[in-house]
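J.: Got a sequence here, can you model it:
(2 chains)
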There are 2 protein chains.
Amino acid sequence: MAVIAPSRRVRRTPFSDGVEAAGVKGYTVYNHMLLPTVFRSVVEDYHHLKAAVQVWDVACERQVELRGPDAARLMQMLTPRDLRGMLPGQCFYVPIVDETGGMLNDPVALKLTEDRWWISIADSDLLFWVKALAYGYRLDVLVDEPDISPLAVQGPLADDLMARVFGDAVRAIKFFRFGWFDFNGVSMAVARSGYSKQGGFEIYVDGTKNGMPLWNALMEAGKDLDVYAGCPNLIERIEGGLLSYGNDMTRENTPHECGLGRFCSTQTAIGCVGRDALLRVAKEGPTQQIRAIAIAGDIPVCNQVWPLMAKGKKVGQITSAAASPDYGTNVAIGMVRMTHWDEGTQLEVQTQDGPRVATVYEKFWI
Amino acid sequence: MAVIAPSRRVRRTPFSDGVEAAGVKGYTVYNHMLLPTVFRSVVEDYHHLKAAVQVWDVACERQVELRGPDAARLMQMLTPRDLRGMLPGQCFYVPIVDETGGMLNDPVALKLTEDRWWISIADSDLLFWVKALAYGYRLDVLVDEPDISPLAVQGPLADDLMARVFGDAVRAIKFFRFGWFDFNGVSMAVARSGYSKQGGFEIYVDGTKNGMPLWNALMEAGKDLDVYAGCPNLIERIEGGLLSYGNDMTRENTPHECGLGRFCSTQTAIGCVGRDALLRVAKEGPTQQIRAIAIAGDIPVCNQVWPLMAKGKKVGQITSAAASPDYGTNVAIGMVRMTHWDEGTQLEVQTQDGPRVATVYEKFWI
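T.: Numbers count the residues shown, from 1 in each chain, chains lettered A, B, ... in the order given. Below is the predicted model:
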């Protein structure tokens, strides 16, 4: 396994010093920034995440900020999800598509006020798309990347840890809502959200210089809760069916193929890019869709697309896979054609180590 | 040093099998794709690059293809460089800026025909910018990422190696020109270009399936030329003053600050985005600019911005640095304010290991 070469281009985060002190063993690069992938081991991290509480450096979830009189109009142009009912203090998961309905990103949008929004992005330079749209449409809006770095607190003991640092009021934050909380005199958005199924929060840390003080405060406050540094866990996120942009979906895919059709209100999301293409998709339905897949036997690391075959014909592909200790099988995320997406369908998956037996599941492991 | 976590999101290239067989020891991620950074050691790779010939997997230089009646108009919108005199078969280094003149990318554009262009990009999702501009301006053009993966052949023996595989006609290709050459019955663009100062070519390999056959053919043909797998070399590219987008320049910087003012013809590049801002910059001149910097003493890895100080005040920053065996000093690339950019100016650079003495040079080490 090769090491990751250090350079300024692969940006460190406000929390990198803490991540290194905690003994990070693996990184990936996400939005031109370091994202830890493993601390003790992927399996140890997995068990710990489900039992205690972890602090995650997810600063790589960069924010695209929209500010100005046309901010709301631009935000609705970006997504087929109908935003008319969205209130300040809400988070919305918003598929963002190009003019053909192809996924460009699957971020969480935060409505701060009517004329100020943050888009907390997955791994693509969405800023370029948003800036060029604003330019082409001559919109009266500022689009930029502010000095905001999310820090996630995830796991069953997340409420207890957060209450010690931010006060008991954090317990009242509802799912996909956020409130404003002080840390060292700086007001920060705190949302009940995160890239795991174990519950928890994301703190939108305002200001690089406030990163390590908050990291240290959380670690200090949670000693008896067995708090530790963590990161999005490959096994847990596949069990939970949490998709990863660039892995399980790309610009090739529509939201409907990704199982995100319920977030597309193309009839009412007036002015959104990709509307024409998605109206057609919504009418006809997707011909392939994301499915939970179990794979038998030993599998290698899934670092490339694995074709899914039926009688020698390609009927889909696997893009994420890992051995699950809790479920005693390899859990995987795949895209399967409608002819073979029914529960229980047996397929052959071609890994770099040879073929394995794959079974289509109705639901993820949650 | 942490390892890089494998996933489909960090794309393998058509040449990854060859890169691994050659014993790659380090990777970075570039345009969501693996880019090797070291094979034997950075210093061994450096000496070999200057003495023999290397084959580089630079598939991460993804292409943005513009095709259609408005392709040339869109291409001129993208860059302040005047493209009117550009002919099919030419490569142009083209700064690409946003509406404020901030650098978005510094690619090489290839004009295939009047209505078909490739933009061979540095590390940012330029595709998103180009697609949204085309959409906003309702241009009649297709914008996409084709299955084209550059493979570079660099070093003093590059001509000899290339002639053995593509025929002696490749020797006649002029600098920053390209021609069409057959490999296994597939026509591929071959340009005299590349991210080193040692001379060589970039082959725009058409079709993933043709990647390893070409890699193997080059390795086989060059055995007696001491051909080996290589990659952009940190030391050699700093010596040569080759800037790296994301390292030495970002969206914060204008082309003029990056020493790329000579590529900006804002008076004649009619219709380019950022024209108003760059006219102002061209009139007043930049207040800071890229400079060659020598640093004394031992230095750590430059994985973050190093402030350049004069009498306790910040007057610039270093963004790339490495010890140069051939020049017996640490060579570096920095951005320095005009008050301190004259040759011979002594500054203090603040590395993560403490301060070092830095000297501003007039020219890079070429």
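
J.: Run through the residues of the stretch 101-250 of chain A sitting next to chain B.
T.: By C-beta under 8 Å from any C-beta of the partner chain, the residues of the stretch 101-250 of chain A that approach chain B are A:104, A:123-126, A:128-133, A:135-137, A:244-247. All C-beta atoms are positioned from the backbone trio N, CA, C, and that covers glycine.

J.: which SS state does A:Asn253 fall under?
T.: Here A:Asn253 takes the coil state, with states given by DSSP: H, G, I helix; E, B strand; the rest coil.

J.: tell me the contacts of the spatially closest residue to it that is not a sequence neighbour?
T.: Closest residue to A:Asn253 apart from its sequence neighbours, by C-beta to C-beta, 6 or more residues apart in numbering or on different chains: A:Met103 at 5.3 Å. Listed by C-beta atoms under 8 Å, 6 or more residues apart in numbering or on different chains, the contact partners of A:Met103 are A:95-97, A:245, A:249-251, A:253-255, A:258.

J.: Need the pLDDT of the residue of chain A most remote from its centre.
T.: Among residues of chain A, the one most distant from the C-alpha centroid is A:Lys311; the distance is 34.6 Å, by C-alpha atoms, centre = their mean. Model confidence at A:Lys311, expressed as pLDDT, equals 97.

J.: again, but for A:Met1
T.: The per-residue pLDDT reported for A:Met1 equals 66.

J.: And for the one 4 residues further on?
T.: With respect to pLDDT, A:Ala5 scores 94.

J.: pLDDT score for the closest residue to chain B within chain A?
T.: In chain A, the residue that lies nearest chain B is A:Gly136 (1.4 Å; C-beta to the nearest C-beta). With respect to pLDDT, A:Gly136 has a value of 97.

J.: just A:Gln267 next, same as before
T.: Model confidence at A:Gln267, given as pLDDT, is 86.

J.: Quick check: closest non-adjacent residue to it.
T.: Sequence neighbours aside, A:Leu279 is the residue nearest to A:Gln267 in space, at 7.6 Å (criterion: C-beta to C-beta, 6+ apart).

J.: got the phi/psi numbers for the one you found?
T.: Comment: the main-chain dihedrals of A:Leu279 come out as phi -60, psi -40, following degrees, to the nearest 10.

J.: Repeat that for A:Leu225.
T.: Recorded main-chain torsions at A:Leu225 are phi -100, psi 10, according to degrees, to the nearest 10.

J.: cool, A:Asp57 as well?
T.: When read as degrees, to the nearest 10, the backbone of A:Asp57 gives phi -80, psi 100.

J.: Equivalent analysis for A:Tyr30, please.
T.: Dihedral angles phi and psi of A:Tyr30 (degrees, to the nearest 10) take the values phi -140, psi 120.

J.: is it in a bridge, and if so with what?
T.: For A:Tyr30, the beta-bridge partners under DSSP bridges are A:Met33.

J.: just checking, it touches A:Cys60?
T.: Yes: in this structure A:Tyr30 lies within contact range of A:Cys60 using C-beta atoms under 8 Å: 3.9 Å.

J.: tell me, what's touching the two both at once?
T.: With contacts taken as C-beta under 8 Å, 6+ apart, A:Tyr30 and A:Cys60 have A:Asp123 as neighbours in common.

J.: of these two, who's got more company?
T.: A direct count of neighbours by other C-beta atoms under 10 Å in any protein chain shown for A:Tyr30 and A:Cys60 places A:Tyr30 higher, at 27 against 21.

J.: Tell me the spacing between that one and B:Ser324.
T.: A:Tyr30 sits at a distance of 32 Å from B:Ser324 (criterion: C-beta to C-beta, to the nearest Å).

J.: what's the closest non-adjacent residue to A:Glu65?
T.: Computed as C-beta to C-beta, 6+ apart, the closest residue to A:Glu65 that is not its neighbour in sequence is A:Pro146, at 4.9 Å.

J.: Helix, strand or coil: sort out the one you found for me.
T.: Following three-state DSSP, the label given to A:Pro146 is coil.

J.: How about A:Pro307?
T.: Secondary structure, three-state DSSP: A:Pro307 is strand.

J.: bridging residues for it?
T.: The residues paired with A:Pro307 through beta bridges, assigned by DSSP bridges, are A:Gln317.

J.: Can you read off the pLDDT for it?
T.: On pLDDT, A:Pro307 comes in at 98.

J.: For it, list the residues it contacts.
T.: Listed by C-beta under 8 Å, 6+ apart, the contact set of A:Pro307 reads A:314, A:316-317, A:349-350.

J.: again, but for A:Glu114
T.: Contacts for A:Glu114 (C-beta under 8 Å, 6+ apart) come out as A:71-72, A:88.

J.: Go again with 7 Å.
T.: If you count contacts by C-beta atoms under 7 Å, 6 or more residues apart in numbering or on different chains, A:Glu114 has them with A:Ala72.

J.: what are the phi and psi values for it?
T.: Dihedral angles for A:Glu114 - degrees, to the nearest 10 - are phi -60, psi -40.

J.: Distance check, it against A:Pro88.
T.: When C-beta to C-beta is applied, the distance between A:Glu114 and A:Pro88 equals 7 Å.

J.: do A:Val349 as well
T.: Distance, A:Val349 to A:Pro88, using C-beta to C-beta: 45 Å.

J.: With A:Ser120 instead?
T.: Between A:Ser120 and A:Pro88 the distance is 16 Å, computed by C-beta to C-beta.

J.: List only buried entries from the contacts of A:Pro307.
T.: Neighbour counting over the contacts of A:Pro307 (16 or more other C-beta atoms under 10 Å in any protein chain shown) leaves A:316-317, A:349-350 as the buried ones.

J.: pretty sure A:Ala2 contacts B:Gly23?
T.: No: taking contact to mean C-beta atoms under 7 Å, the distance of 9.5 Å between A:Ala2 and B:Gly23 leaves them out of contact.

J.: What is the burial count for the residue nearest to A:Gln267?
T.: Residues contacting A:Leu279 under the criterion other C-beta under 10 Å number 15.

J.: got it, and the one 10 residues further on?
T.: Residues near A:Gln289, counting by other C-beta under 10 Å, number 20.

J.: Skipping adjacent residues, who's closest to A:Thr345 in space?
T.: Closest residue to A:Thr345 apart from its sequence neighbours, by C-beta to C-beta, 6+ apart: A:Val360 at 4.3 Å.

J.: can you pull up the bridge partners for that neighbour?
T.: Beta-bridge pairing for A:Val360 (DSSP bridges): A:Ile293.

J.: For it, give me its contacts.
T.: A:291, A:293, A:336, A:341-345, A:347.

J.: so can I have CSV of the residues you listed showing pLDDT, neighbour count and distance to B:Met219?
T.: Formatted as CSV, the entries for the contacts of A:Val360 read as follows, by pLDDT from 0 to 100; neighbours: other C-beta atoms under 10 Å in any protein chain shown; distance: C-beta to C-beta, whole Å:
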residue, pLDDT, neighbour count, distance to B:Met219
A:Arg291, 98, 26, 41
A:Ile293, 98, 28, 38
A:Val336, 98, 23, 39
A:Trp341, 97, 21, 43
A:Asp342, 98, 11, 47
A:Glu343, 98, 11, 48
A:Gly344, 98, 8, 47
A:Thr345, 98, 19, 43
A:Leu347, 98, 23, 37
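
J.: in what helix or strand does A:Gly211 lie?
T.: With the criterion set as DSSP states H and E, the secondary-structure element containing A:Gly211 is helix A:211-221.

J.: now for that helix, which elements pack on it?
T.: With contacts defined as 3 or more C-beta pairs under 7 Å, 6 or more residues apart in numbering or on different chains; DSSP states H and E, helix A:211-221 has these neighbours: helix A:16-21, strand A:54-57, strand A:148-154, helix A:158-166, strand A:200-206.
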